[in-house]
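Colleague: Sequence first, predicted coordinates after that:
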Amino acid sequence: MPTAVQVSRTGGPEVLELAEIEPGPPGAGELLVELAAAGVNYIDTYQRQGIYPIDLPFVLGSEGAGTVVETGEGVTEFAPGDRVTWQGVLGSYAQRAVVPASATVKVPDGVSDEIAAATMLQGMTAHYLVRSTYEVKAGDDILVHAAAGGVGLLLVQLAKARGARVLCTVSTDEKAELARGAGADHVIRYDREDFAAVTRELTNGEGVAVVYDGVGKSTIDGSLASLKIRGTLALFGAASGPVPPIDPQRLNSGGSLFLTRPTLAHYLRTREELDWRAGELFAAVRDGSLNVRIGGRYPLADARKAHEDLQGRRTTGKLLLIP
């Protein structure tokens, strides 16, 4: 029987258990997939802890890639043997999973299953941030936090491809080298420097057009202080903890600032949008303009260690579970 990583009670990484779970046949509009890789994401830790409540027990994981084994009734765009990938489908930490065809895209030739699984959630997050939340333009100064993380490395590359000057923050020398390798123009060690002051200095006191902040509580004040007049703060995560309430008057005094808390689901509301974002990302992977760094591979049985490493900020790039 196939194995999967199940959560029977919420809590720390120790609650992750390997279990034998048969996903069953695909229903109408669904695919049964043999997974080659599953992505590990910060949202998984929130679900595991119960911050985002889910009925217990459940199989963790929302992103994966593999080969179609069987199609359900009414599925015409996929067939057994197709390589496919998805995000936003709970139950992906598994050897086999049933996924909706509507959330799935084919993996093109020239892209491996592992790269596909590493690209979907974080890649499309980076894509909507630079293409839709704040559309980065040539000549923009921008600031990316946690630039050596999975989303951060992709944000740097996508923003550079659009002609931006990219400032970023990291916490170690190793991560600084990774950020520079991705194209960052200025790397700030936020553990040693006041990143808002350095950002102001690098922009001649003006500030940046946008801050992409997936860190949250520990960076929010500096992020607001780093913005130019009418700048945008895109707060897309809370790795350091949830952000306290913000008085709207603070946005006024900061320079008529814009604050948004986007989420990927609201930027994938149609099949056309899903295909557009995935298509642009995979095209960039295939032509070599986007490098997706896989920072760690773990067997399903080591899902606990993957979570410990992720939350301990000991990782760079994307973490994968390999069934």
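Modeller: Thanks, I have the structure now.
Colleague: Let's verify the residue sitting nearest the centre point of the chain: helix, strand, or coil?
Modeller: The centroid of the chain falls nearest to residue 122 when counting by Cα atoms, centre = their mean (2.5 Å). Secondary structure state of residue 122, per DSSP: H, G, I helix; E, B strand; the rest coil, is helix.
Colleague: can you pull the pLDDT of it?
Modeller: pLDDT recorded at residue 122 is 94.
Colleague: quick one: contacts for it?
Modeller: 39, 41, 150, 151, 154, 318 (Cβ atoms under 8 Å, 6 or more residues apart in numbering). In short, each C-beta sits where N, CA and C put it, glycine included.
Colleague: Give me the contact list for stretch 179-195.
Modeller: Contacts for stretch 179-195 (Cβ under 8 Å, 6+ apart): 143-145, 147-148, 152-153, 156-157, 160, 165-171, 176, 198-199, 202, 219, 222, 226, 291.
Colleague: Restrict the residues you listed to the buried ones and give me that as a ChimeraX selection.
Modeller: If you want just the buried ones from those in ChimeraX, going by 16 or more other Cβ atoms under 10 Å, the selection is:
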select :143,144,145,147,148,152,153,156,157,160,165,166,167,168,169,170,176,198,199,202,219,222,226
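Colleague: what's the longest strand in the chain?
Modeller: Assignment by DSSP state E gives strand 30-40 as the longest strand of the chain.
Colleague: Tell me the buried residues in that strand?
Modeller: Result for strand 30-40 [16+ other Cβ under 10 Å]: buried residues 30, 31, 32, 33, 35, 36, 37, 38, 39, 40.
Colleague: For whichever helix or strand comes after it, name the packing helices and strands.
Modeller: Next in sequence after strand 30-40, counting helices and strands by DSSP states H and E, comes helix 42-49. Here helix 42-49 touches helix 303-311, going by 3 or more Cβ pairs under 8 Å, 6 or more residues apart in numbering; DSSP states H and E.
Colleague: and if we set it to 10 Å?
Modeller: If contacts are counted by 3 or more Cβ pairs under 10 Å, 6 or more residues apart in numbering; DSSP states H and E, helix 42-49 sits against strand 3-7, helix 113-128, helix 303-311.
Colleague: Put the alpha carbons of the second one into CSV.
Modeller: Translated: helix 113-128. What follows is helix 113-128, C-alpha atoms only, in CSV (Å, rounded to 0.1, in the frame of the first residue of the first chain):
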residue,chain,number,x,y,z
ASP,A,113,9.8,16.3,-12.4
GLU,A,114,11.8,17.6,-9.5
ILE,A,115,12.2,21.1,-11.0
ALA,A,116,8.5,21.1,-11.8
ALA,A,117,7.6,20.3,-8.2
ALA,A,118,10.0,22.9,-7.0
THR,A,119,8.6,25.6,-9.3
MET,A,120,4.8,25.6,-8.9
LEU,A,121,4.0,27.2,-5.6
GLN,A,122,7.0,29.4,-5.0
GLY,A,123,7.5,30.1,-8.7
MET,A,124,4.0,31.2,-9.3
THR,A,125,4.1,33.2,-6.0
ALA,A,126,7.2,35.1,-7.4
HIS,A,127,5.5,35.5,-10.7
TYR,A,128,2.3,37.1,-9.4
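Colleague: Please compute how far that helix lies from its chain's middle.
Modeller: 7 Å (Cα atoms, centre = their mean, to the nearest Å).
Colleague: can you give me the angle it makes with strand 30-40?
Modeller: Relative orientation of helix 113-128 and strand 30-40, computed by axes from the mean of the first three to the mean of the last three Cα atoms, to 10 degrees: 80 degrees.
Colleague: and the next element down the chain from helix 113-128?
Modeller: Using DSSP H and E, the helix or strand that directly follows helix 113-128 along the chain is strand 141-144.
Colleague: Who are the packing partners of that following strand?
Modeller: Looks like strand 141-144 contacts helix 150-161, strand 165-170, strand 186-189, helix 195-202, strand 208-213, strand 227-235 (3+ Cβ pairs under 10 Å, 6+ apart).
Colleague: Return the distance of the shortest one from the chain's centre.
Modeller: Which is strand 186-189. 21 Å.
Colleague: Please apply the same query to stretch 69-89.
Modeller: Relative to the chain's own centre, stretch 69-89 is displaced by 23 Å; criterion: Cα atoms, centre = their mean.
Colleague: next one: stretch 280-292
Modeller: Counting by Cα atoms, centre = their mean, stretch 280-292 is centred 16 Å from the centre of its parent chain.
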